[in-house]
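Engineer: Just to be clear, the model below is a prediction. Sequence and coordinates:
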Amino acid sequence: MDKLRHLSTQELVQIYKRTQTIAVVGASADEAKTSNSIPSYLQSQGYRIVPVNPRGGKILGERVYTALSDVDVRVDVVDVFRPPAEAEVVAREAIAQGVGVLWFQPGTHTDEAAHLAAEAGLTVVTQRCMGALHAQLGLGPGPLPST
């Protein structure tokens, strides 16, 4: 049975309202990249950002975890900024972490990864920008355009 489905506007709003912590897989320290500007915007809206990048260090003032499997804090949403080739690995790690929502930024998912996560009981969002949708739903001003 296929559990991947279209989410209503109300369901999307509820994701934002229930979310406190967002793990950003593929977060970047480069302010010119959307993988920095979108998490920065979400952080400015009160969400805790947990950056995940194999380079480690700090991004947006937060400790960077080198892998999603290393994250040792409770995460509500995994927001993905990695190529589709990595989508299934990210989905499996999100499932193992017990995350409720797996959010694939536009161009980052595969159907296999989305179905895998949905079948495991995760709510899956694809082809929507988490920052832009936040604004479209009237929840905030929206991220500034990248330069």
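Structural biologist: Received, thanks.
Engineer: can you tell me the distance between the two ends of stretch 34-54?
Structural biologist: Terminal residues of stretch 34-54 lie 18 Å apart, using C-alpha to C-alpha, to the nearest Å.
Engineer: what pLDDT does S146 get?
Structural biologist: Note on S146: pLDDT of 55.
Engineer: just G100 next, same as before
Structural biologist: G100 is assigned 97 on the pLDDT scale.
Engineer: Extract the residue ranges of this protein that are flagged as low pLDDT.
Structural biologist: 1-4, 145-147 (pLDDT under 70).
Engineer: cutoff 90 now
Structural biologist: Applying pLDDT under 90 to the chain flags the ranges 1-6, 144-147.
Engineer: so where do the helices sit in it?
Structural biologist: Counting by DSSP state H, the chain has helices at residues 9-18, 34-44, 87-97, 111-119, 130-136.
Engineer: among those, which is nearest D79?
Structural biologist: Relative to D79, the nearest member of the helices of the chain by C-beta to C-beta is helix 130-136, separated by 5.3 Å. Quick note: C-beta positions are derived from backbone N, CA and C, even for glycine.
Engineer: what packs against the closest one?
Structural biologist: Under the contact criterion of 3 or more C-beta pairs under 8 Å, 6 or more residues apart in numbering; DSSP states H and E, helix 130-136 touches helix 34-44.
Engineer: What helices and strands are in contact with the helix it packs on?
Structural biologist: Other elements packing on helix 34-44 under the criterion 3+ C-beta pairs under 8 Å, 6+ apart are strand 21-25, strand 48-52, strand 77-80, helix 130-136.
Engineer: From I95, how far out is the residue nearest the centre of the chain?
Structural biologist: Against the mean C-alpha coordinate of the chain, by C-alpha atoms, centre = their mean, the closest residue is D79 at 0.9 Å. With distances taken as C-beta to C-beta, to the nearest Å, D79 is found 16 Å from I95.
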